[in-house]
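>>> make a model of this:
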Amino acid sequence: MMKPLPTTSTLFTGATVLTNRVAGTVERNVDVLIEEGVIARIGEGIVAADARVIDAQRAILAPGLVDTHMHAWQYPWRGAAQRKWGFDPYFALLQKMRHAYSPEDTRIAVSAASLALLRQGVTGIIDFVHGAHSTSDHVASVLAAHRATGLRAVVHPSTGATSDHTPTEIAEAQKRRFDDIDTLAAGIGPGDRVQVGLALMMPTPEVWEDVAAEIEFARDRGLRMTFHQNRPGDVTDMMRLGVVGSDIVAAHANSLADEEMRAMAECGMPVAFTPRTEVSDVRRTDVILRAFELGVTVGFGVDTPVYLPLDLRGELETAFNLMQLALGQRVRYAARVPLDVGLDPQRFGIDDIARAATVGGNRALGRGGAAGEVTVGAPADLVLYRPFDPDPALSDPAAFLVLGAGHASEVDTVMVDGDVVIEGGRFQGDLDVEELAARGAELRRRCLSTLGSSLDSLLPA
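Residues are numbered from 1 along each chain as shown. Modelled structure (predicted):
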């Protein structure tokens, strides 16, 4: 568990604040006072005698990022498929590793990933547990790992069932997982930072009744859900069955039709885009721009450390570039070149992506209100960046967040629920970081040994 703060309040002084209250809103040279886990005051010359004071001059204070689609358990074999092209190489590795972890392996893997995310300015995560999940002890290890680092998380274990299983096998897998979740949820309060949800089966026509049963189970208990939306028509089927809702996050979602996104916008159903995964899997990416245009709640995720660094800001930059590309293609296809911004204005861009990464991400976590903003009364999930080159960064903090070359060493302070989790770039919790690194290195060696020849096709000749 996290160590308690030595004081009940923290004061950031002289900050440049990216508020994300409205896209592009910045306040300069202001103080921000945190009390009892929320933002209490914003202004100049704030005096708080008992507060811990953090000098934020020449630094950017921003809402913490939220990764809305992550498989944290895969962290030990990070980089194993950096050269992949298409989906099949990754899937071959996944199949070999699904049941190769013990619960303790899972705790080590997720703890290391959770720390890495915090060091990149991520304060919240939707963790999709679809591999090392053969027992309730594995899921309990994921929950314990995130609690130990202080990261905010909704952990979504899956049943492990697919359309390849028999109806009896699916029913048995669901009963086991439902029982596990009921047991684990009994020890979690509504205000706890780490929650449990449910990762739905891949919704193919053969198993829609089973998916509907999972949705019913989750909604009866007020649990959040997520699923891999890879097949065209998934959301149309959900609309037909009357099960779309704001408590389900659709991940990837490359194949969404406009009518589906209109329905998602109407009910508040979020989407989690993983832009660099979609590019390497050779899937459609213009859906990102269309989602913004149609009013869908958008979040972003890294997806997997197996072929991507845990750098959510890199996903934001890729999303921006893909949106620019999609807009540019429309102009070219309409033969309106050179660009006339009067005819073709840039309606969505950097500010919208920055806000989606914080406000949209928090909505995907099930947190409404002002979560993801820097405003009085908002939960204090905050990151203080000290840029290498502060002049351009301070002149446009949103562009720094989305387009800047993100590096963990620029992340000075990370706060979750008012708790200072990272300060001066160093983890502040009780977790033995050096021991975790050593055990993580050993687990990585075992993982790569297990993968063995499966890696050959992904390595240079």
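>>> the strands in the stretch 101-250 of the chain, which residues?
When assigned using DSSP state E, counting those that start in this stretch, the strands of the stretch 101-250 of the chain occupy the ranges 122-129, 152-157, 194-196, 198-199, 225-229, 248-252.
>>> relative to Ala109, which of these is closest?
Among the strands of the stretch 101-250 of the chain, strand 122-129 comes nearest to Ala109, with 10.8 Å by Cβ to Cβ. All C-beta spots, glycine's among them, are computed from the backbone N, C-alpha and C.
>>> avg pLDDT for the closest one?
Per-residue pLDDT values over strand 122-129 give a mean of 97.
>>> now stretch 296-312
For stretch 296-312, the mean confidence score works out to 94.
>>> next, the distance between the ends of that stretch.
Its first and final residues considered, stretch 296-312 spans 20 Å by Cα to Cα, to the nearest Å.
>>> packing partners of the lowest-mean-pLDDT helix or strand in the chain?
Considering only helices and strands, the least confidently modelled element of the chain by mean pLDDT, DSSP states H and E is helix 88-97, at a mean of 76. Helix 88-97 is packed against helix 433-451, with contacts defined by 3 or more Cβ pairs under 8 Å, 6 or more residues apart in numbering; DSSP states H and E.
>>> roughly how far out does the helix it packs on sit from the chain middle?
Chain-centre distance of helix 433-451: 24 Å, with Cα atoms, centre = their mean, to the nearest Å.
>>> for that helix, buried residues please.
Leu436, Arg439, Gly440, Leu443, Arg444, Cys447, Leu451 (16 or more other Cβ atoms under 10 Å).
>>> quick one: residues contacting Val139.
For Val139, the contacting residues are Val129, His133, Val155, Pro157, Asp180, Ile181, Leu184, Val196, by Cβ atoms under 8 Å, 6 or more residues apart in numbering.
>>> can you rerun that using 10 Å?
Neighbouring residues of Val139 by Cβ atoms under 10 Å, 6 or more residues apart in numbering: 103, 106, 129, 132-133, 155-158, 177, 180-181, 183-184, 196.
>>> let me know the pLDDT of it.
Val139 is assigned 93 on the pLDDT scale.
>>> and the residue nearest the centre of the chain, helix, strand or coil?
The geometric centre of the chain, computed from its C-alpha atoms, lies nearest to Asp67 (Cα atoms, centre = their mean), at 1.1 Å. In terms of secondary structure, Asp67 is strand; the call rests on DSSP: H, G, I helix; E, B strand; the rest coil.
>>> separation between it and Ala437?
Counting by Cβ to Cβ, to the nearest Å, the gap between Asp67 and Ala437 amounts to 21 Å.
>>> same check, this time on Pro338
Computed with Cβ to Cβ, the distance linking Pro338 and Ala437 is 53 Å.
>>> give the buried residues for the top helix by length along the chain.
Ordering each helix of the chain by length in residues (DSSP state H) puts helix 312-333 first. Using 16+ other Cβ under 10 Å as the burial criterion, the residues of helix 312-333 that qualify are 312-320, 322-323, 326-327.
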